[in-house]
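Peer 1: After the sequence you'll find the predicted model.
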Amino acid sequence: MRIGELAAQAGLTRDAIRFYEKIGLVTGRRLANGYRDFPPESVPWLQYVRTAQTLGFSLAEIVRTGEELRDAPDTAEALSALFEEKIKVIDARMAQLAALRADLDSRVGTGCPLRAAG
């Protein structure tokens, strides 16, 4: 299917698909007339990519894990492992943000909040 049809079915823009192609998330072949031609399985894959982004995965993470997930015999198990790892990253970031918030809170009303807390 051509890029416009893929964009419509996947709910993306042509530019997004071109970008995803550039970074290796989706591949299409060039027809003799120069148009891109994408296989039908690109639609669910791009929907997966968008869902993964919504769940907090970066495009780099999706590129890195995409091939192994497509070929994994039990993707639910593979996805669960990825989710567990992402939860650990989120928990660590939440702890960092809580510490940052506490530091900022301790500086409110101190006259010079940029001095090191004493």
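Peer 2: Nice, thanks for sending it over.

Peer 1: Tell me how many other residues surround M1.
Peer 2: M1 is flanked by 16 other residues according to other C-beta atoms under 10 Å. No exception for glycine: its C-beta is placed from N, CA and C like everyone else's.

Peer 1: could you dump the helix or strand of the chain with the lowest mean pLDDT to CSV, C-alpha only?
Peer 2: None of the helices or strands of the chain scores lower by mean pLDDT, DSSP states H and E than helix 59-71, at a mean of 80. Extracted in CSV, the C-alpha atoms of helix 59-71 (Å, rounded to 0.1, in the frame of the first residue of the first chain):
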residue,chain,number,x,y,z
LEU,A,59,11.3,5.5,19.8
ALA,A,60,14.8,4.3,20.5
GLU,A,61,13.5,1.7,22.9
ILE,A,62,10.9,0.6,20.3
VAL,A,63,13.5,0.4,17.6
ARG,A,64,15.8,-1.6,19.9
THR,A,65,13.2,-4.1,21.0
GLY,A,66,10.9,-4.2,18.0
GLU,A,67,12.6,-6.9,16.0
GLU,A,68,12.9,-9.3,19.0
LEU,A,69,9.2,-8.8,19.9
ARG,A,70,8.1,-9.5,16.3
ASP,A,71,10.0,-12.7,16.3
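
Peer 1: What is that helix packed up against?
Peer 2: helix 14-23, helix 42-54, helix 75-107 (3 or more C-beta pairs under 8 Å, 6 or more residues apart in numbering; DSSP states H and E).

Peer 1: how about a markdown table for the ones you listed, with distance to L114 added?
Peer 2: Listed next are the helices and strands packed on helix 59-71 as a markdown table, based on distance: least, C-beta to C-beta, whole Å:
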| stretch | distance to L114 |
| --- | --- |
| helix 14-23 | 39 |
| helix 42-54 | 36 |
| helix 75-107 | 8 |
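
Peer 1: Rebuild these as a markdown table, extending it with mean neighbour count and mean pLDDT.
Peer 2: Listed next are these as a markdown table, based on neighbours: other C-beta atoms under 10 Å; pLDDT from 0 to 100:
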| stretch | mean neighbour count | mean pLDDT |
| --- | --- | --- |
| helix 14-23 | 15 | 94 |
| helix 42-54 | 16 | 91 |
| helix 75-107 | 11 | 90 |
